[in-house]
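>>> Have a look at this prediction, sequence included:
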Amino acid sequence: MFQFWSGDEGSDGVAEGEVLSAPLVLEYPFRRTVGRVQSAFLTGLREGLVLGIRARDGRVVCPPVEYDPVTGDELDEIVRVAEEGTVTTWSWEPESRPNQPLGHAFAWALVRLDGADTAMLHAVDAGAVTAMTTGMRVRIRWRDRADRQGDMNDIACFEPAGDASDEADAGDRTGAGDAAGAGDDR
Amino acid sequence: MTDLVLPEGVREALADVEPVRGIRTPARLDYTFTAGTATSRFLRGIRNKQILGQRCPVCHKVYVPPRGSCPTDGVPTTEQVELPHTGVVTTFCVVNVQFYGQVMEVPYVCATVLLDGADLGLFGLVQEIPFDKVRMGLRVEAVWVDDDELTTDLASIRYWRPTGEPDAAYETYREHV
């Protein structure tokens, strides 16, 4: 429905110099199947596990991909990674917008989980921009088990881990190896 | 396709749970649409049950809804033209597929209606006729919402219905298909 910008309309309903304006929402409610690799990843999230996949060169890609990013080979070795990781880069979002993961200011960040060699994009609930640093340590804050649906929002967000200052100084330390079977053989 | 190799612990955790097979990935864009002066005039006319177009001073084509200029000649369209509420179906589509957000019961018919004296078709629904009887050349008239529901929105024309007149000859609207 159209509404007026301002002012009174003319008595003939054809007032000059006033244009109508109205909200217009364009929405495509896509749904798609996820395939076997992302199915494992998303099912894992719902069950509280974070899974990556081992590439041909030994690196662990998380979130996992179906094909090797270098050779294009089909990949099949799932690897569990940790719930803690390192912020590799970030951007502060001073005002939350509809459908964003958090209802207040937060950071979008790339987080490289321990045991993984690539980073995933998610929100960090840091409280203030001054709390954000590249190299800071963060951990997953899970969505309540009953609310998990098998999508990226099963990770509600990341939150600063207690050991932030120590680990920030060791920013080049990767693959801490505290996840089962991950990051221990390169 | 090879099977995935799951490490110990993960294999057990995922063994007896229903796997995720699909995800919703809605794409949504929130706009504020500003109609411009010519189309605002048209929409105010609609609220008064008037259909107002504009004529190009060069090619004399009548545009409805008007956009304020002629896309062919690149000149402002300043002459106002009030159009009748009757026209001809130039093209149409029978919608048979249910989709999210749909308000109509399928099958139903969307059509482009070329008003008498206009050179641009209006988009709308065709009703009061079986869906499989709608055809090119069908003469139709506007059915409006009740007067107290008229707004500056083309939805004020609820749909188009047959007038019962003989079909228009193809030659009369062939340039507008």
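Happy to help now that I have it. Residues are numbered from 1 along each chain as shown, chains lettered A, B, ... in the order given.
>>> for chain B, what's the longest strand?
Of all segments of type strand in chain B, defined using DSSP state E, the longest is strand B:86-95.
>>> Send me it as CSV with only the CA atoms.
Extracted C-alpha coordinates of strand B:86-95, given in CSV (Å, rounded to 0.1, in the frame of the first residue of the first chain):
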residue,chain,number,x,y,z
THR,B,86,-12.5,-1.8,-20.8
GLY,B,87,-9.8,-3.4,-22.9
VAL,B,88,-8.6,-6.6,-24.5
VAL,B,89,-6.5,-9.5,-23.2
THR,B,90,-3.3,-9.4,-25.3
THR,B,91,-1.5,-12.2,-23.6
PHE,B,92,-2.1,-14.4,-20.5
CYS,B,93,-0.8,-17.1,-18.3
VAL,B,94,-2.6,-19.9,-16.5
VAL,B,95,-0.9,-20.4,-13.2
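>>> So which residues make contact with it?
Defining contact as C-beta atoms under 8 Å, 6 or more residues apart in numbering or on different chains, one finds that strand B:86-95 is touched by B:104, B:106-116, B:118, B:121-122, B:126, B:131-132, B:134-142, B:160, B:163, B:168, B:172-173, B:176-177. Yep, even glycine has a C-beta here, placed from its N, CA and C like the rest.
>>> can you check stretch B:6-16 too?
For stretch B:6-16, the external contacting residues (C-beta under 8 Å, 6+ apart) are A:40, A:43-44, A:47, A:49, A:51, A:78-80, A:180-181.
>>> what comes up buried for it?
Under the neighbour-count criterion of 16 or more other C-beta atoms under 10 Å in any protein chain shown, stretch B:6-16 has B:6, B:10, B:13-14 buried.
>>> do stretch A:49-58 as well
A:49-55.
>>> What is the burial count for the closest residue to chain A within chain B?
When scored by C-beta to the nearest C-beta, chain B has B:V20 as its residue closest to chain A, at 3.5 Å. By other C-beta atoms under 10 Å in any protein chain shown, 21 other residues sit near B:V20.
>>> From B:R11, how far off is the residue lying closest to it once chain neighbours are set aside?
Among residues not flanking B:V20 along the chain, A:G150 sits closest, at 3.5 Å (C-beta to C-beta, 6 or more residues apart in numbering or on different chains). According to C-beta to C-beta, to the nearest Å, A:G150 stands 18 Å off from B:R11.
>>> Enumerate every residue touching the residue nearest in space to the middle of chain A.
Compute the mean C-alpha point of chain A, and by C-alpha atoms, centre = their mean the closest residue is A:H122, 2.3 Å away. By C-beta under 8 Å, 6+ apart, A:H122 lies in contact with A:101, A:108-109, A:111, A:152, A:155, A:157-158.
>>> Let's see which of those end up in helices.
Here DSSP state H is the test, and the contacts of A:H122 give no hits in helices at all.
>>> returning to that earlier point: local confidence estimate at the residue of chain B closest to chain A?
Per-residue pLDDT puts B:V20 at 96.
>>> Among the buried residues of stretch A:49-58, which lie within strands?
Counting by DSSP E, the buried residues of stretch A:49-58 contribute A:50-54 to strands.
>>> got JSON lines for those residues, with pLDDT too?
Shown next, in JSON lines, are those (pLDDT from 0 to 100):
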{"residue": "A:V50", "pLDDT": "98"}
{"residue": "A:L51", "pLDDT": "98"}
{"residue": "A:G52", "pLDDT": "98"}
{"residue": "A:I53", "pLDDT": "98"}
{"residue": "A:R54", "pLDDT": "98"}
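>>> now the chain, which segments are flagged as low pLDDT?
Picked chain A for this. Chain A contains residues with pLDDT under 70 at A:1-17, A:163-186.
>>> You answered for a different chain; I wanted chain B.
In chain B (pLDDT under 70), the answer is B:1-2.
>>> Where do the helices of chain B begin and end?
B:10-15, B:36-47.
>>> For chain B, what's its nearest residue on chain A.
For chain A, C-beta to the nearest C-beta, closest residue to chain B: A:G150, 3.5 Å.
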